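Peer 1: can't give you the sequence, but here's the structure:
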DNA sequence: TAACATTAGTTGCATATGCAACTAATGTTG
DNA sequence: CAACATTAGTTGCATATGCAACTAATGTTA
């Protein structure tokens, strides 16, 4: 088959739209946090949220839950530890592992982020019907499956 | 109104799904580039593509087209210049501005990235119907509009 | 039990990113 | 025309990120 100079329609592919949307939402989230005068990145905010839901998680588990490399997570935690939002404690069961906990200050800061998250979600979904929300999640699940499933040979 | 300890359903919100999907796609793109032995980041790849479509763009315009800060773009270009993929040339019309061009090597590298982009898009969309692709783009457009339009007071 | 393999976490080195402050060139305005 | 304002690009400083190499602890196996 000849390789005609076909244009690659990345612009009309869903990839561009998904990426753009992420950038826009991320930008507004960072801005909203900053406007509240919180000393916190959006990534750190997600960590606070996860720990609020389940204190004492291992770094390991936190990294997995938030889809990042363990090294990236370790450095996020170090910054949050410096700010006294969290602390680490060596696990008694497995001396390699650290359990991570929120400090009272961390809980307090998390409480301040809650309305930010809520407003972000509300704004993001404000003109979407329930059906549309359901549809987009279903479709994105399919996209994800395409990468989790082993690539089929032609 | 009392502030009941309502759970923030970020997990069931579309935000989480959009962000996850971006991470997965980004990861596989970076891996695919690396597997081809190309000395190139995915961000640099997008720059090559834009310049291939339109050579001589100002840094300004390139930054806008790729949704990044001008400083971020400037540093991307510096790395690509070191690798001899692009070069900058002071604009005759406006001595503040640089026009950015692909080198022959840059074009050659871009050609090698084309199948990577094509396979990525194909894989991403492999089990989606045309209707689904259209739906997801429509919905994401709506989400973006929610952030571009000025926030309405209650 | 001793040797080997795996796992949790850290660190070095590379990437990208945004904001703010800065320079140099251009545009505007009294 | 001179003073001021804006614009294009660079740089300092901060953030986050992944991979690979490394340590220390745990698990496995011969």
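Peer 2: The structure has been received and is ready for your questions. In this text, all values refer to a predicted model and were calculated from it rather than measured experimentally.

Peer 1: Count the residues that sit near residue A:108.
Peer 2: 11 (other Cβ atoms under 10 Å in any protein chain shown). Just so you know, the C-beta spots here come from the backbone N, C-alpha and C atoms, and that holds for glycine as well.

Peer 1: I'd like to know how far it sits from residue A:73.
Peer 2: 22 Å (Cβ to Cβ, to the nearest Å).

Peer 1: Now name the helix or strand holding the nearest residue to residue A:70 once chain neighbours are set aside.
Peer 2: The shortest distance from residue A:70 to any non-neighbouring residue, by Cβ to Cβ, 6 or more residues apart in numbering or on different chains, is to residue A:63 (4.6 Å). Residue A:63 belongs to helix A:59-65 when assigned by DSSP states H and E.

Peer 1: Give me the phi and psi angles of the residue most central in space within chain A.
Peer 2: Taking Cα atoms, centre = their mean, the centroid of chain A lies closest to residue A:66, which sits 5.6 Å from it. Main-chain torsions, residue A:66, degrees, to the nearest 10: phi -110, psi 10.

Peer 1: try the one 3 residues further on
Peer 2: The phi/psi pair for residue A:69 (degrees, to the nearest 10) reads phi -60, psi 150.

Peer 1: so what's it up against?
Peer 2: By Cβ atoms under 8 Å, 6 or more residues apart in numbering or on different chains, the contact set of residue A:69 is residue A:63.

Peer 1: Roughly how far does it sit from DNA strand C?
Peer 2: 8 Å (Cβ to the nearest atom of the strand, to the nearest Å).

Peer 1: What separation do you get for that residue and residue B:23?
Peer 2: Distance, residue A:69 to residue B:23, using Cβ to Cβ: 11 Å.

Peer 1: what about residue A:56, distance to residue A:113?
Peer 2: Residue A:56 is 20 Å from residue A:113, by Cβ to Cβ.

Peer 1: Near the residue nearest to residue A:128 when sequence neighbours are not counted, how many other residues are there?
Peer 2: Once flanking residues are discounted, residue A:128 sits nearest to residue B:142: 6.1 Å by Cβ to Cβ, 6+ apart. For residue B:142, the count of nearby residues is 18 (other Cβ under 10 Å).

Peer 1: Do you know the pLDDT at residue B:142?
Peer 2: If you check residue B:142, the pLDDT there is 94.

Peer 1: repeat for residue A:12
Peer 2: For residue A:12, the predicted pLDDT is 74.

Peer 1: what do you get for the one 5 residues further on?
Peer 2: We have a pLDDT of 93 for residue A:17.

Peer 1: cool, the one 3 residues further on as well?
Peer 2: In this prediction, residue A:20 carries a pLDDT score of 92.

Peer 1: hmm, who's touching the helix or strand it falls within?
Peer 2: Assigned by DSSP H and E, residue A:20 falls within helix A:14-35. Applying Cβ under 8 Å, 6+ apart, the external contacts of helix A:14-35 come out as A:10, A:40-42, A:45, A:113, A:116, A:119-120, A:123-124, A:140, A:143, B:15, B:18-19, B:21-22, B:25-26, B:67, B:120-121, B:124-125, B:128, B:133, B:136-137, B:140-141, B:143-144, B:147-148.

Peer 1: Check whether it comes into contact with DNA strand D.
Peer 2: No - Helix A:14-35 stays clear of DNA strand D (Cβ under 7 Å from any atom of the strand), getting no nearer than 9.5 Å.
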